[in-house]
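K.L.:
The sequence and its predicted three-dimensional model are supplied below.
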Amino acid sequence: MDPTIVAIIVLILLVAAILIGRGLRRLLPGHHLNEETKDTVKLAMGLVATMAALLLGLLVSSAKGSYDADRTQVIQMAAKVSYVDRLLALYGPESMDARKQFHVAIEDAIRRVWPKDKGSKAELRPSIEAGDSVYLKIEALSPNTDAQRKLKTLVEAGAADLAQLRALLVAHSGTSISTPMLVVLVSWLVVIFASFSLLAPQNMTANVALYVSALAVAGAVFLLLELDSPFNGILKIPNREMVNALNQLPK
């Protein structure tokens, strides 16, 4: 779901609901707008508004949880990159080819996940060729001492952990927001705004308040969907940790 398009659709629906409410106010007989009726409508819409707030909270919690999980995995990947490179450095000069190939693989991963072209989408799936090259370089190491054998084992384990983190990142790339729940939320908001417009006085101040509220709600939906796309859009996860880890690797 494109956040901008969805937010515009929500805004259009809410503005249409306001206009419908205004039209119904002019068409309904006077006894449908007496104080008792208004109180009843307010109570009913208060219940709907409460349920809408709870549902919106659930969606925000789901999107924020997914965003935080991806952010944590990126930080863990950056830490693991530095850790594996440090182990290779301790192994000795024999590991220089593996370290260079490791640098190439990490650089390729950063380029895929955080493309420099703003119009490009993030590609979370890793390059199989780059990963295989790193694996082969590590396996080609021939330890001569007990220390090197232990270091090679740790490097293999660290590289495997790094591959698992990248696989988890790909697995989490799907949307965390339920489309039916979002549709229900928007439907409730349409009903709420139509009722607000129906009961609101016919003056410019009330109209401006309703339209500003509709814009604010559409903005909230936009930010919600942006949270659900952690590697695209204005709220994408920064790459500074991975870039800092890359800068420590030999070129």
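P.N.:
Good, I have the coordinates. Residues are numbered from 1 along each chain as shown.

K.L.:
CA only for contacts and neighbour counts going forward, please
P.N.:
Fine.

K.L.:
can you give me the strands for this structure?
P.N.:
Shown for the chain, no strands are assigned by DSSP state E.

K.L.:
so how far is the least confident helix or strand in it by mean pLDDT off the chain centroid?
P.N.:
Every helix and strand of the chain was ranked by mean pLDDT, DSSP states H and E. The lowest is helix 128-139, at a mean of 85. Relative to the chain's own centre, helix 128-139 is displaced by 30 Å; criterion: Cα atoms, centre = their mean, to the nearest Å.

K.L.:
Show me what it is in contact with.
P.N.:
Residues from elsewhere that reach helix 128-139, judged by Cα atoms under 8 Å, 6 or more residues apart in numbering: Ser95, Asp97, Ala98, Gln101, Phe102, Val104, Ala105, Asp108, Lys152, Val155, Glu156, Ala159.

K.L.:
buried ones in that helix?
P.N.:
For helix 128-139, burial by neighbour count (16 or more other Cα atoms under 10 Å) applies to Ala130, Gly131, Ser133, Val134, Tyr135, Lys137, Ile138.

K.L.:
and the two most separated of the residues you listed?
P.N.:
Ala130 and Ile138 (12.6 Å; Cα to Cα).

K.L.:
Low-confidence stretches in the stretch 101-250 of the chain?
P.N.:
For the stretch 101-250 of the chain, the stretches flagged by pLDDT under 70 are 119.

K.L.:
can you rerun that using 90?
P.N.:
Scanning the stretch 101-250 of the chain for pLDDT under 90 picks out 101-144, 159-160, 162-180, 195-207, 227-250.

K.L.:
got the buried residues for stretch 91-100?
P.N.:
Tyr91, Ser95, Met96, Asp97, Ala98, Arg99, Lys100.

K.L.:
same question for it, mean pLDDT?
P.N.:
Stretch 91-100 carries an average pLDDT of 88.

K.L.:
quick one: contacts of that stretch?
P.N.:
By Cα under 8 Å, 6+ apart, stretch 91-100 touches 85, 88-89, 134, 137-138, 141, 147-148, 151-152, 249-251.

K.L.:
now the residues you listed as TSV including distance to Val60?
P.N.:
Output for the contacts of stretch 91-100, formatted as TSV (distance: Cα to Cα, whole Å):
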residue	distance to Val60
Asp85	38
Leu88	42
Ala89	43
Val134	39
Lys137	44
Ile138	43
Leu141	48
Ala147	49
Gln148	49
Leu151	44
Lys152	44
Leu249	38
Pro250	41
Lys251	42
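
K.L.:
Just the buried ones from these?
P.N.:
For those, buried by 16+ other Cα under 10 Å: Asp85, Leu88, Ala89, Val134, Lys137, Ile138, Leu141, Gln148, Leu151, Lys152, Leu249.

K.L.:
Which pair of the residues you listed spans the longest distance?
P.N.:
Farthest apart among those by Cα to Cα are Gln148 and Leu249. That separation is 19.7 Å.

K.L.:
how about the helices of the stretch 151-251 of the chain, start to end?
P.N.:
179-199, 204-227, 240-247 (DSSP state H, counting those that start in this stretch).
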